[in-house]
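Enquirer: here's a sequence, model it:
(6 chains)
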Number of protein chains: 4
Amino acid sequence: MEDLTGSCAKPQRRSIGAKRNPATEEAILGAAQEILRDKGVKGLSMEAVAKRARAGKATLYKWWPSRGALLVAVYERAKGEHVHEDKGTLIATMAAFYRYVFDFWRTAEGQVFALIIAEAQSDADVAEALERYRKERLVALAEVVDRSQARGELIEGAQAEALAETIMAAAWMRLITGRLDSDPERLAHEVLDGWMVGNR
Amino acid sequence: MEDLTGSCAKPQRRSIGAKRNPATEEAILGAAQEILRDKGVKGLSMEAVAKRARAGKATLYKWWPSRGALLVAVYERAKGEHVHEDKGTLIATMAAFYRYVFDFWRTAEGQVFALIIAEAQSDADVAEALERYRKERLVALAEVVDRSQARGELIEGAQAEALAETIMAAAWMRLITGRLDSDPERLAHEVLDGWMVGNR
Amino acid sequence: MEDLTGSCAKPQRRSIGAKRNPATEEAILGAAQEILRDKGVKGLSMEAVAKRARAGKATLYKWWPSRGALLVAVYERAKGEHVHEDKGTLIATMAAFYRYVFDFWRTAEGQVFALIIAEAQSDADVAEALERYRKERLVALAEVVDRSQARGELIEGAQAEALAETIMAAAWMRLITGRLDSDPERLAHEVLDGWMVGNR
Amino acid sequence: MEDLTGSCAKPQRRSIGAKRNPATEEAILGAAQEILRDKGVKGLSMEAVAKRARAGKATLYKWWPSRGALLVAVYERAKGEHVHEDKGTLIATMAAFYRYVFDFWRTAEGQVFALIIAEAQSDADVAEALERYRKERLVALAEVVDRSQARGELIEGAQAEALAETIMAAAWMRLITGRLDSDPERLAHEVLDGWMVGNR
DNA sequence: GACTAACCGAGACGGTACGTCTGGTCTTAAG
DNA sequence: CTTAAGACCAGACGTACCGTCTCGGTTAGTC
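Expert: Residues are numbered from 1 along each chain as shown, chains lettered A, B, ... in the order given. Here you go, the predicted structure:
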């Protein structure tokens, strides 16, 4: 038994005048997500997305001028805004963070992030979007580190932003080398122990 | 008289019997490198390499079954084996390391490494090769950290291999986010200061 | 401030109420003619005409339901009503006729006629319009032949309408095979000599 | 009832080395002919032909660089080489000729010729091919006229080639204006009577 | 010395996806 | 109801690579 048209009935969308139709955007991103789940990231071509969304290819290229741009949009739609829940200590908070992102990156939607990093290496627009995203997340991470520093957990020389980037780099490293099964708790220790007060 | 096909005269190579012709390998990798320099990484297709090397496509696929495999070969050929020169302190040694790799990654050949990381996200063979390479470099880095630890530079809780991976992650992070102009010295401090004895 | 879209300022046209706006028709046909002159017949798409005329595509399709219909309209607007000036003999009159149409068909507007013939091969509406036009011109031509026959120039068996069609066919043949540089005088002789009294 | 794959099983064709595979050419032209019969000339897109022939689009474009080129090939394959059978008089011979071509032009393959004329109006290559074809047929026709002239059927001033072109023009005129139901006999008379000895 | 096996250049082949273009239909907002 | 504007679906266009295949020719080793 086979479903040639996709996962659900696709009512025809029409123009709603000389302005962007949100239903179209929704249908396209939805179709992209479905393809991700069904065929994996290799099947995610502009062609396939257009076909499944019953959208014209020109419409796709109008709003997302490249595969990279579409990837970014799909990722932004899928990722929940992770709020760093304070677990009392920085180590515990970061361990929870690692656990959360590793789990997410393992999902079909999360795998898109690795793709975005890949695409960024040869597509300047994606690189820019990725850099914007990195900075945004860096700020959120640095705040957590800041709070920890205020609590007196960290040694004197620690700089919140630099430390945040080190934390982030460790996670991204695991992602791009396919080691998302690393132990989050242990990783948090390996990255942070040196900076905690009380380790001499 | 002029040579339209490349940078140098390409004498026809023939079979040298029932064994691999080293001249062919040389010609192919050389052609790949030339294309990298001339057209950049986007122009590095199997098709283009075969044409430039005056090699049959089947020959390429015989020895390097995918674009990724070829990329890896090109990278391995181009990279010098970096020996970590001991600068007296770990910080200084690592600063020199960062400076070296950042400089290399900015060259045409070095850019291939970013490509390999990209390719690894969707090509299992490349991922495996990358992982092998990572481990190999990790060992070399860990040795340097070990020596530093033996000298008593590091605090008690430091684990050489874990620290080495953190050091490496920081570098790769700068690569994939296009920030190879970061200051190596400062980066070394940001990554290592917490682990050095004497910072409380 | 400059006008990127065409050769002259295009004041915005608005609806003039519940009736056809002649300014719009004028603007559209004018734009089509401009495109013909600037880009040639290949550039004459509905899209391009709408853009240049600053008209909505819906407006175009409302009044000219297909590319063919627009072509016909453009041609009808451009062609002058050729009046067959009597040169004394049928041969001379027809030579003048050939000269006139060959000259016209060579102009940008005249080239549209070849396009119409082309379009007629696959668009029934255009075919019909072309047939209407052919009959209309045939009548005009037949009249000239009739007058010649009345003067006693033609042999007994000549039928005005049939001869007119032969005359016309010779012209169209030169058009569709791209030989508008044929000598009109000579062509008139080649087509008509057999039918003239005094050639035995 | 519907046939999704075409009219017959299509065995996969492979390369036969670094040279053109005649089976591929055959399959492509055959597919084109099938489409003509099934969908008519409007359905004859490069895309459709490639799909039906199970051929890559690149293969099509390699050997027939444009739709026009393919049309010409299909026509040349379909048309039998018409031999002008001598019916005793030129009128009768030409009447038979008209009957033959009108009948052929009405078939699915014959309709291609009208398409070629259409395409020639905007594709220089097709125009050239068409002109070549016209000249070739003109020679054949002129020979018939020549023989008639040798028999003394024609008046003194008749030029074989010019008359042949008039004969041809009359036929093409009926084709492009969609009047292939014209009476061949009558047409032959209308075109030729003036040139026959004995009509004064 | 003939034979075989693998190598090599060449390039045709079936495919997939690309990014662009045009054709026609539709809706909106303004008049 | 008309108009300008332009979003939208649809699908053909011609191009670029992919990875597979066959060919014809070469060379080195085996019988």
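Enquirer: tell me which element A:Leu60 falls in.
Expert: Using DSSP states H and E, A:Leu60 falls within helix A:57-63.
Enquirer: so A:Gly30 makes contact with A:Ala53?
Expert: Yes. In this structure A:Gly30 lies within contact range of A:Ala53 using CB atoms under 8 Å: 7.2 Å. In this view, the C-beta of every residue, glycine as well, is placed from N, C-alpha and C.
Enquirer: which secondary structure state does A:Gly152 sit in?
Expert: coil (DSSP: H, G, I helix; E, B strand; the rest coil).
Enquirer: which residue sits closest to it, ignoring its sequence neighbours?
Expert: Nearest residue to A:Gly152, sequence neighbours excluded (CB to CB, 6 or more residues apart in numbering or on different chains): A:Val197, at 6.7 Å.
Enquirer: let me know the pLDDT of the one you found.
Expert: A:Val197 carries a pLDDT value of 94.
Enquirer: over to A:Gly43?
Expert: 92.
Enquirer: again with A:Gly68
Expert: The predicted local confidence for A:Gly68 is 91.
Enquirer: what residues does the spatially most central residue of chain A make contact with?
Expert: In chain A, the centroid-proximal residue (CA atoms, centre = their mean) is A:Phe113; its distance is 4.7 Å. By CB atoms under 8 Å, 6 or more residues apart in numbering or on different chains, the contact list for A:Phe113 reads A:Tyr75, A:Lys79, A:Trp105, A:Leu175.
Enquirer: how about the residues of chain A by DNA strand F?
Expert: A:12-21, A:24-25, A:27, A:53-59, A:62-63 (CB under 7 Å from any atom of the strand).
Enquirer: so where do the helices sit in chain A?
Expert: A:22-39, A:46-53, A:57-63, A:67-78, A:90-106, A:111-120, A:124-150, A:160-176, A:184-192 (DSSP state H).
Enquirer: closest to B:Glu85 out of these?
Expert: helix A:160-176 (24.0 Å; CB to CB).
Enquirer: what's the offset of the closest one from the middle of its chain?
Expert: Remark: helix A:160-176 is offset 14 Å from the chain centroid, using CA atoms, centre = their mean, to the nearest Å.
Enquirer: counting contacts, what elements does it pack onto?
Expert: On a contact count with 3 or more CB pairs under 8 Å, 6 or more residues apart in numbering or on different chains; DSSP states H and E, helix A:160-176 meets helix A:90-106, helix A:111-120, helix A:124-150, helix A:184-192, helix B:160-176, helix B:184-192.
Enquirer: 6 Å - rerun?
Expert: helix A:124-150, helix B:160-176 (3 or more CB pairs under 6 Å, 6 or more residues apart in numbering or on different chains; DSSP states H and E).
Enquirer: tell me the most buried of the ones you listed?
Expert: helix B:160-176 (a mean of 22; mean count of other CB atoms under 10 Å in any protein chain shown).
Enquirer: and that one, what's its mean pLDDT?
Expert: The model assigns helix B:160-176 a mean pLDDT of 98.
Enquirer: re the thing from before, between A:Gly30 and A:Ala53, which has more neighbouring residues?
Expert: A:Ala53 (24 against 19; other CB atoms under 10 Å in any protein chain shown).
Enquirer: residues contacting that one?
Expert: If a contact means CB atoms under 6 Å, 6 or more residues apart in numbering or on different chains, then A:Ala53 has A:Ala27, A:Ile28, A:Ala31 as its contacts.
Enquirer: turn those into JSON lines, including pLDDT.
Expert: Below are those laid out as JSON lines (pLDDT from 0 to 100):
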{"residue": "A:Ala27", "pLDDT": "96"}
{"residue": "A:Ile28", "pLDDT": "97"}
{"residue": "A:Ala31", "pLDDT": "96"}
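Enquirer: chain A - how does it break down into domains?
Expert: Taking automatic domain parsing as the reference, chain A has its domains at A:22-63, A:80-195.
Enquirer: could I get those domains as TSV with distance to C:Ile35?
Expert: Compiled in TSV, the domains of chain A are given as follows (distance: least, CB to CB, whole Å):
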stretch	distance to C:Ile35
domain A:22-63	22
domain A:80-195	34
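Enquirer: out of those domains, nearest to DNA strand E?
Expert: Minimum separation from DNA strand E across those (CB to the nearest atom of the strand) falls at domain A:22-63, 3.3 Å.
Enquirer: so does the helix holding A:Leu60 get close to DNA strand E?
Expert: Yes. Helix A:57-63 reaches DNA strand E (CB under 7 Å from any atom of the strand) through A:Lys57, A:Ala58, A:Tyr61.
Enquirer: need the residues of chain A near chain B, please.
Expert: A:114, A:117-118, A:121, A:127, A:131, A:134, A:155-157, A:162, A:166, A:169-170, A:172-173, A:176-178, A:190-191, A:193-195, A:199-200 (CB under 6 Å from any CB of the partner chain).
Enquirer: the same query, at a cut-off of 8 Å, please.
Expert: Residues of chain A lying near chain B by CB under 8 Å from any CB of the partner chain: A:41-42, A:114-115, A:117-122, A:127, A:130-131, A:134, A:155-159, A:162-163, A:165-166, A:168-170, A:172-173, A:176-178, A:190-191, A:193-195, A:197, A:199-200.
Enquirer: ok now do A:Thr89, which residues does it touch?
Expert: A:Thr89 touches A:Ser148, A:Glu153, counting by CB under 8 Å, 6+ apart.
Enquirer: distance of it from B:Ile117?
Expert: 33 Å (CB to CB, to the nearest Å).
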